[in-house]
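J.: Sequence and computational prediction follow.
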Amino acid sequence: MAERGRCPGCGSAALVEDALYAQQQLVCAACGCVLAEGLLTTTYSDEEHLREVGYSQSTGQKEQLSRCLQRGIRRVQDLCKVLQLPAAFEETAVSYFQRAHQLPAFHLVSLEKKELLGGCCVFVTCRQHNWPLTMGTICSLLYAKQELFAGVFLSLQKELGLSVPALSLADLVKTHLSSFRLFQPSAGVPAPFLEDKEKLVARTMGIVELASETWLVTGRHPVPVVTAAAFLAWQSLQPRARLSCPLARFCRVAGLDLPPPAHLRLKELLEILLGMASQLAWLRGFHLDKKTVVKHVGDLLQHRLFLLKSAFCQEGGEEQQHGAASGQGSTSPGQGSPSSPPMAQEKGCPLAGKRLRPLLPPCLIHPRKRLRSAAPSARDPAVTGDEPISDSEIEQYLRSPEEIRAFRKAKAWS
């Protein structure tokens, strides 16, 4: 209690501050008269002089911010416990959230974005510690849209100046395959579908690296590529019992959603494997198709560097120099022109007799949208080249004094 002045009603000096409720009140202890109430103050000097201040500068606003901060910290801690992250990760994520919470950029945002801020701090921490956590995983835990989460993540990275390394394909493969239900016997998984986790991860890594070397990963979502690679790796480990299993059933048994582009990535991977198989010596004489080539994935991955160079023409200076050097002599009728791409020669390969495509991104080989030349407008007359040119336009093209004098002389004669 602190006595101040006298009560204007009874003249008593027993004035006290009643802090029983949310707002402090100045009350006369003798008669109960309320001298002042509902004053939002910030410092003791303001309280002495009974100065009213704005809510944004009051202690109530500071208490509100502290409650939001505590709620956000609890959300970060709960998320770390669900993901079973180490204690050091939790401390780092909490520190990032505390720093971000003090920035004005995250004050006037929607409540949904504020709730995603804690998840972004956890996501950044995992990326910096090379912990395999994808954006899709954390969005599923927060029931958030990836587009909105990505926007908050980019804002956090910019405001705090954080360096966030990208998730490597190796970490993505391990994370994606860890959710498969093919590694332990269960009622929904047939016995031929069970597989050793280390073998499947190693074979899938080899196929994903092959896809990366053949431009099948660049500019695309990695999950469909990893799904198609895991399916091929799973089939190649026991082809006799698994070749008849389609991709949709594999995903259903493995317990994962089938991404729509996975069928296209699977088709592109099989085309690459068929092209490589056409250059493998001990496969000559065998009729290989998109199913039987899966049996030889192990051999193709073992010699992939040599087979890629042999099966696909390289667009570059080396091919041009090679073509120029070979063009000095005569070419046989079956070889084609010196600068033409090589051709598959194996009789058993479906690509036999066809020119092998260059090793370029699929979007350049099979463009989905072609640019169309703009049709001339019906209102504008067709340009014939005989249109008159104004004097101002001619002066833009005349540069030397001799040309200017000649133009003026010709104009004077006209």
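T.: The structure has been received and is ready for your questions. Note that the structure is predicted; figures quoted are calculated from it, not measured. Numbering: from 1, shown residues only.
J.: Could you use CA atoms for every contact and neighbour count after this?
T.: Noted.
J.: For the stretch 151-300 of the chain, which segments count as strands?
T.: Using DSSP state E, counting those that start in this stretch, no strands are found in the stretch 151-300 of the chain.
J.: May I have the phi/psi pair for Pro185?
T.: For Pro185, the backbone dihedrals are phi -60, psi 140 (criterion: degrees, to the nearest 10).
J.: which residues does it contact?
T.: By C-alpha atoms under 8 Å, 6 or more residues apart in numbering, the contact list for Pro185 reads 191, 194.
J.: mind checking how far it is from Pro260?
T.: Note on Pro185: its distance to Pro260, by C-alpha to C-alpha, to the nearest Å, is 28 Å.
J.: now do Pro190
T.: Applying C-alpha to C-alpha, the value for Pro190 to Pro260 is 25 Å.
J.: Secondary structure class of Leu35, three-state.
T.: strand (DSSP: H, G, I helix; E, B strand; the rest coil).
J.: Same check on Glu91?
T.: helix.
J.: And it, how far from Ala100?
T.: 14 Å.
J.: same check, this time on Ala191
T.: Here the distance between Ala191 and Ala100 works out to 51 Å (C-alpha to C-alpha).
J.: How many residues are close by Leu85?
T.: Residues contacting Leu85 under the criterion other C-alpha atoms under 10 Å number 15.
J.: correction: Glu147
T.: Glu147 is flanked by 10 other residues according to other C-alpha under 10 Å.
J.: Angles on the backbone of it, please.
T.: Note on Glu147: its backbone torsions stand at phi -60, psi -40 [degrees, to the nearest 10].
J.: what's the distance between it and Ser179?
T.: The spacing between Glu147 and Ser179, counted by C-alpha to C-alpha, is 23 Å.
J.: Okay, helices next: where are they in the stretch 1-150 of the chain?
T.: With DSSP state H, counting those that start in this stretch as the criterion, the stretch 1-150 of the chain has helices at 44-49, 59-82, 87-101, 111-128, 135-142, 146-160.
J.: got the angle between the third one and helix 146-160?
T.: Spelled out, it's helix 87-101. Here the directions of helix 87-101 and helix 146-160 differ by 80 degrees (axes from the mean of the first three to the mean of the last three C-alpha atoms, to 10 degrees).
J.: So which residues make contact with helix 87-101?
T.: Where contact means C-alpha under 8 Å, 6+ apart, the residues beyond helix 87-101 that reach it are 69, 72-73, 76-77, 80, 106-107, 117-118, 121-122, 124-126, 156, 159-160.
J.: Buried residues in that helix, which are they?
T.: Neighbour-count burial for helix 87-101, with 16 or more other C-alpha atoms under 10 Å as criterion, is recorded at 89-94, 96-98, 100-101.
J.: ok, now the fifth one?
T.: In terms of neighbour count (16+ other C-alpha under 10 Å), helix 135-142 has its buried residues at 138-139.
J.: for it, packing partners?
T.: Contact analysis of helix 135-142 by 3 or more C-alpha pairs under 8 Å, 6 or more residues apart in numbering; DSSP states H and E lists helix 111-128, helix 146-160 as its packing neighbours.
J.: got the angle for it vs helix 111-128?
T.: Between the direction of helix 135-142 and that of helix 111-128, the angle (the same axes, to 10 degrees) works out to 140 degrees.
J.: just how off-centre is helix 135-142 within its chain?
T.: Centre-to-centre, helix 135-142 and its host chain are 13 Å apart (C-alpha atoms, centre = their mean, to the nearest Å).
J.: what does that helix contact?
T.: For helix 135-142, the surrounding residues in contact (C-alpha under 8 Å, 6+ apart) are 116, 119, 123, 145-146, 149.
J.: any idea how far the spatially most central residue of the chain is from Leu169?
T.: Closest residue to the average C-alpha location of the chain: His221 at 7.2 Å, with C-alpha atoms, centre = their mean. In this structure, His221 and Leu169 are 11 Å apart, going by C-alpha to C-alpha.
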